[in-house]
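# here is the input, now give the coordinates:
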Amino acid sequence: GESLAQVLALVGVRPVPDSLGRVNKVELIPLEKLGRPRIDVVCTCSGVFRDLFINQMNLLDRGIKLAAEADEPLEMNFVRKHAMEQA
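Okay, the predicted model is just below:
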């Protein structure tokens with residue numbers, strides 16, 4: 001869980017627990033509260049992690065997509081900047 005938490009923190013995304021404490025979604029931390037740019041992260045996941053922890057992979061995917069689609073200045077959102085450069 002530490003690696004997953006580090007990736008989410010660097011991207012500027014926080015987990016949102018449900019009423020039972022399970023994390024099934026994520027939300028962007030506003031830039032004003034984050035206080036720094038969103039950092040683009042490269043993850044190399046093993047096939048075992050991908051296959052056994054599909055829910056965590058989906059959380060990462062949703063978090064990265066939220067950051068890439070956020071309407072924010074490119075100098076404060078490197079995830080969006082790099083996504084736009086590759087589009």
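# going forward, measure contacts between C-alpha atoms and count neighbours the same way
OK.
# if I look at the nearest residue to residue 81 once chain neighbours are set aside, how far off is residue 37?
Computed as CA to CA, 6 or more residues apart in numbering, the closest residue to residue 81 that is not its neighbour in sequence is residue 74, at 5.2 Å. Computed as CA to CA, to the nearest Å, the residue 74 to residue 37 distance reads 9 Å.
# likewise residue 57?
Relative to residue 37, residue 57 is positioned 23 Å away (CA to CA).
# these two: which has the busier surroundings?
Applying other CA atoms under 10 Å to residue 57 and residue 37 shows that residue 37 carries more neighbours, namely 19 against 16.
# didn't that one look like it was pressed against residue 29?
No - with contacts counted by CA atoms under 8 Å, residue 37 stays clear of residue 29, the gap being 11.0 Å.
# report the mean confidence score over whichever helix in the chain runs longest.
In terms of residue count, the longest helix belonging to the chain (DSSP state H) is helix 54-69. When pLDDT is averaged over helix 54-69, the result is 95.
# for whichever strand or helix holds residue 82, what is the average pLDDT?
Residue 82 is part of helix 78-86 when elements are defined by DSSP states H and E. Here helix 78-86 scores 97 as its mean pLDDT.
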